[in-house]
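S.K.: Turn this into a structure:
(2 chains)
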Amino acid sequence: MKSKARWLASAALVAIAVLTTQGLSAASASATTCSTYYVSSSAGSDSNDGCSTSTPWQSLTNVNATTFVAGNQILFQAGGSWTGELHPLGSGASGSPIVLSNYGTGAAPIIAGGGAAAAVYLYDQHDWTVQNLEITNTSTTTAQRAGVLAQNDLTTILHGIHLVNNTIDKVSGHWQNGDSQPVTTSAISFDLTDANKTAGWDDVLISGNTLANDDAGGIYLGSPIGLNHNLSSTNVVIQNNTITNAGGNSIVCVFCTSPLIQYNVDTDSGYRFSGAALWEGWTSNAVWQYNEVSRNWRALYDGEAFDIDNNNSNTVLQYNYTHDNPYGFMEFCCNSTFGALGTSVIRDNISQNDGASNAVFATQGGIETGATAQFYNNTVYMGPGDNGDVTNGTPPSGSSITYSNNLIYKLGTGGYSNTRTTWSHNLMYGNHPSSEPTDASKVTSDPKLVRPGGAADGRASASVYQLQTGSPAIGAGVLVSGNGGLDYFGNTVSATTAPNIGAYNGSGVAAPTATYGAYWRLDEGTGSAAADSTGDANSGTLQAGASWASGQIGTGAVALTGASNSYVDIPTPAVDTSGSYTVSAWVKPNTLTGNQTYASIDGGTISPFYLQISAGKFTFVTRSADSTSATYAQVVGSAATTGTWYQVTGVYDNVGHTIKLYVNGVLQGTTAFSSPWKATGHSVIGRAKWNGGSVDFANATIDDVRMMPRTVTDREAFALGTGATAYYALDEGTGNAFSDMTGNTPNGHLESNAAWSGSGKEGSNSLTFDGSTGTLAEVPVSAVDTSKSYSVGAWVKLSTVSGTQTFASMSGFNISPFYLQLNNSAKLAFTVRSADSTSSTATSVAASASAVAGTWYHVLGVYDSSAGTIALYVNGVSQGTASYTTPWKSLGATVLGAAEWNLSPVDMTNGQIDDVHFYNRVLSASEIATLSTP
Amino acid sequence: MKSANRRRATVLTALAAAVVVAAVIVIVVDVTGSRTTPPGAEATVAKVNGIAIPTREFVLFLDQDRAGVFSYFQQHYSAQDSATFWTTSFAGQTPSERLKSVALGDVARTTVQLALASRYKLIPSAEYTVFLSAWTAENLRRKSAIANHQPIYGPQQYTEANYLTYAVGNLGFEVQDRLVADGTFDPSQANLQSYYLTHLADFSSGRIGPMPADFEFAKEQVRLGYLDAQYTKLIDRLAKSAAVTTTPNMRRLTESDCLSSGACFSQG
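M.R.: Residues are numbered from 1 along each chain as shown, chains lettered A, B, ... in the order given. Predicted structure coming up:
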């Protein structure tokens, strides 16, 4: 049947070929006129008439030879690709353009200039729409090249060129210092001749395009010299474009009247060629709004997100959001006789972490004599590392700049340049340099932004710059006439009542809602915020007497003095204390006197629990009611020593009605408790509540505090208590993901035939592997830093002891840094390598006895960096050590049940693996004993 | 060959004189089952370090890399698009194979960046479903804002591809800070000076002139450039050493019209 079908198929194909060549006229393309023309690179022919999807042209040849008329469409088949310059002739009419577009389903048709001066070229033509295409122009040689080039060499205006919904990428254009403006060498280039002053554009629409990796820049409208030309380009709208990695400028409009540039996003541009990101020259009444610009660079000159350059008058720069632009939010350019004209208005913008290499509002000297600028109701955030200036440069004599109602939240050390600037009703918070301007109505208290510095976390809204209710910025501004009527967030701005300071003019918002469960890593190191890294918004604030110190886990910890202002305050209850919960912290006591509570939650009168030190011993206390006459239950643990780190974990079990205390992961005791109650006040690190007041101020360094809305098992408490960097209990039992209860690494995944066993050595389950290639389990990040001391342990039960099988490893760039394994001699072993290379040498410690299939073993490998050795423990018994002094850090995935060699998975395990622990230190004998005791 | 048959079949059905023959062709093609339906948008086609890559994500990279593959074969072999372009072997590799390989490399590069961001708690995990939630939520927020006459910044709606680029760009920038904080990157004076001296052309002094700025003036720029270069090198190597596997769904994808036409999702 098959061969007959094929024969039929090929016979029919011969028939088709005959029909195709004989049945259709081979007249020249322009003699057969269509209304809509079709071009298919994979199935067309240039001897077709091009008038239908079944008779398409094939190449650009016929298209370029045809003079099209108003209403024509030239459609390129989806999935196709054409190389060379597309330069169709003719012009449309107003309201009836000629359209270049796509047909069929599939990828956007690709017009690949292949190094030509332009991929799509319109010369003295008007009323064209180019849409839905992908346009590239790659080359290995250096030259001026455009993606789409529209050229006007006439003395008149050319109307109606629309570029909509195209991808224009990899245009290999070029610019160097001394060249004319890059007006013929940008992804979208609209070039006016300098031979006369009157050439121009009208009704230019550049909308919804994606521009990526284009040199020498994104969108440029202007002329090569860029001077002394009529402002003759009207109705220019550039909107909704996404620009990434434009080599120089991103969006430029020269000689434009009232252009509208809005809703564009531009990121990571400006690295190769000179220019600010979004700028204008010789343009009047431009509106730049609702744009987002980030990470723009300065390759030679400028580099700011915005630039109001020479000979622009009455520009409005409003409702933009910029972040991480080291050269600033904006500049004027360039000086008193060649600069910005009229009144520039910069209002209701939000700038986060701009200006670190320069200033946020740069080059105040770039306005001309007699010109002015008004900056009002902008919000500027400069984080601790952003030491750039707020303003630099000096307006020329006879001009001035006013700053009103701006909110400047500045944690860096930069200053201001104040000559001929007037400041009124601004809020300046944070660092106050000596150059801070005088402002009779200045506000300096905390503006209570929702989360300063918190924008650019994946949400493109900067909503964190709203004000919380009660902010001193509310209503503290001065009325500005002609203020535009809207703030950055769309709230109305009154024409008669005083506005807020900053870009938010609402009445204040509530802080983000917290939910149960919190993990304060206390690694911030600066500022007063202590974030809840579970993302549950139980945000903490260090009180005045609390400061930062180096930590036990991660980079930081909080240092408390025992003073009544020394604690971390979280305004929400992080767990429901009427149900099961766990509270856990690392503490290093400075003193042992009195009661010092490390973590608690405020009730109305007292705390429901106290994780504390009392009479020199770690204690977990719960109270039976919100009253000083309530009874209590407690577990008293071991005595503490000052200057030593301890991990303390308290657990309330609402099913078993018990409380437990662990110190360093070791259970100190269990006590019955069955009267929990729900506290609804603040969570606190470093104090407690008693009799309506604050007590038990801790004199200690505290790190990594957790409150979890569940109990933890003994094993989990041990992992927390011993500072495991990852603990995979492998008890999930269903699905193909498994979790790390420490929260330090994301979920892992089962690959190929890896599966749940149904039972395990510890807990309810374990993973089973069948030894087939690619059967393993993987966590996509590195669980430990293998350049420092580390320990890795697992329970394993092998189905066969033949062949090398690795139970736990990590991925380097070429090989694994360590292999916790069964070696080729059927002995359990811990092997490390001297470098990330297959030609590295191995160092290994092997067990003395051979392993037996069907038996559970606890296998633990340890690298001790100060001793310069590795060690192996089997069932808690040392198998020896070996010298190892060439550790290296791998950053790849963590693998269970296999290893990496020469970029491939090897050593697949045939057996079960359970309870895998990772530590970034050497374990003590008792810790090893605990892990290896079932 | 399969796609050629389908296109010829399409041509035939349009020609009245060949209707009967065309019908035979169409039936023949269907009976032999030589056309493969691509997998659904959420089906896993590959894994990178255990992270599942769904069809829809992989297709973003196929789209992105398509022009480059055309260009490669045009430059090296003067090959143009044709009915058989995608399945023709050029020096042992077909454009389909190359496109799949390049796209896999790029999706690995994005995935290791997401894993690194997850390692530093900037996102909950590197799963693509997490990204999709963020993307759909962002577009919903934009749509609602517009409906309520509230402002948005940047495009009205982000395409999936553009939002992935946007998110990965933001995350990469933040991860650099974390890599400094934990000592993986060391922007010490010595390292910065060495970078500065080998990249003098990158550090202009702005409008003062094109001469390279002195080190102290340019130090913040040098730091940013150094960290960016270190990050790029790190990601290059993590991507190269990532465990990348493909699933049977990938075979369905490559045997469908997806690579040749860019039409990659099953209809219905």
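S.K.: CA only for contacts and neighbour counts going forward, please
M.R.: Will do.
S.K.: mind giving me the domain split of the chain?
M.R.: Answering for chain A, as no chain was given. Using automatic domain parsing, the domain parsing of chain A gives A:518-713, A:726-932.
S.K.: um, chain B though
M.R.: Looking at automatic domain parsing, the domains of chain B come to B:1-36, B:40-249.
S.K.: Comparing these by mean pLDDT, which bottoms out?
M.R.: Confidence, taken as mean pLDDT, is least for domain B:1-36 of these (a mean of 41).
S.K.: show me the contacts for residue 36.
M.R.: You didn't pick a chain, so chain A it is. Residues counted as contacts of A:T36 (C-alpha atoms under 8 Å, 6 or more residues apart in numbering or on different chains) are A:51-52, A:72-75.
S.K.: could you do chain B instead?
M.R.: If you count contacts by C-alpha under 8 Å, 6+ apart, B:T36 has them with B:252-253, B:255-257.
S.K.: Which residues of the stretch 51-200 of chain A lie near chain B?
M.R.: A:54, A:78-82, A:105-107, A:110, A:112, A:114, A:136 (C-alpha under 8 Å from any C-alpha of the partner chain).
S.K.: need the contact list for the residue of the stretch 1-150 of chain B at minimum distance from chain A.
M.R.: Of the residues in the stretch 1-150 of chain B, the one nearest chain A is B:S82, at a distance of 3.7 Å by C-alpha to the nearest C-alpha. Applying C-alpha under 8 Å, 6+ apart to B:S82 gives the contacts A:41-43.
S.K.: Helix, strand, or coil at the closest residue to chain B within the stretch 551-700 of chain A?
M.R.: With C-alpha to the nearest C-alpha as the measure, A:T555 is the residue of the stretch 551-700 of chain A nearest to chain B, at 7.1 Å. Recorded secondary structure, A:T555: coil (DSSP: H, G, I helix; E, B strand; the rest coil).
S.K.: Now do stretch B:260-268, average pLDDT.
M.R.: Per-residue confidence for stretch B:260-268 averages out to 74 on the pLDDT scale.
S.K.: can you pull out the strands in the stretch 51-200 of chain B?
M.R.: Chain-ordered strands for the stretch 51-200 of chain B, with DSSP state E, counting those that start in this stretch as the definition, fall at B:51-54.
S.K.: residues near the residue of the stretch 551-700 of chain A closest to chain B, how many?
M.R.: For A:T555, the number of neighbouring residues by other C-alpha atoms under 10 Å in any protein chain shown comes to 17.
S.K.: backbone phi and psi for the residue lying closest to it once chain neighbours are set aside, please?
M.R.: By the measure of C-alpha to C-alpha, 6 or more residues apart in numbering or on different chains, the closest residue to A:T555 outside its immediate chain neighbours is A:D523, 5.3 Å from it. For A:D523, the backbone dihedrals are phi -110, psi 10 (criterion: degrees, to the nearest 10).
S.K.: Same question for B:L238.
M.R.: In terms of degrees, to the nearest 10, the main-chain angles of B:L238 are phi -60, psi -40.
S.K.: can you pull the contacts of it?
M.R.: Residues in contact with B:L238 (C-alpha under 8 Å, 6+ apart) are A:813, A:891-892, B:109, B:112.
S.K.: What of A:T234?
M.R.: Contacts here follow C-alpha under 8 Å, 6+ apart; on that basis A:T234 touches A:200-204, A:256-259.
S.K.: ditto for A:I219
M.R.: Applying C-alpha under 8 Å, 6+ apart to A:I219 gives the contacts A:186-189, A:249-252.
S.K.: how close does it get to chain B?
M.R.: In this structure, A:I219 lies at 16 Å from chain B, with C-alpha to the nearest C-alpha, to the nearest Å as the measure.
S.K.: Kindly state the beta-bridge partners for that residue.
M.R.: Applying DSSP bridges to A:I219 yields these beta-bridge partners: A:I188, A:I251.
S.K.: I'd like the distance between it and A:A546.
M.R.: In this view, A:I219 and A:A546 are 51 Å apart by C-alpha to C-alpha, to the nearest Å.
S.K.: Ok, A:W856 next?
M.R.: Taken as C-alpha to C-alpha, the spacing of A:W856 relative to A:A546 amounts to 49 Å.
S.K.: With neighbour numbers in mind, choose between the two.
M.R.: Relative neighbour count places A:A546 above the other of A:W856 and A:A546, with 22 against 18, counting by other C-alpha under 10 Å.
S.K.: count of neighbours near the residue nearest to the more buried one when sequence neighbours are not counted?
M.R.: Leaving aside its chain neighbours, A:A546 sits nearest to A:S566 (4.5 Å; criterion: C-alpha to C-alpha, 6+ apart). Summarising burial for A:S566: neighbours were counted as other C-alpha under 10 Å, giving 23.
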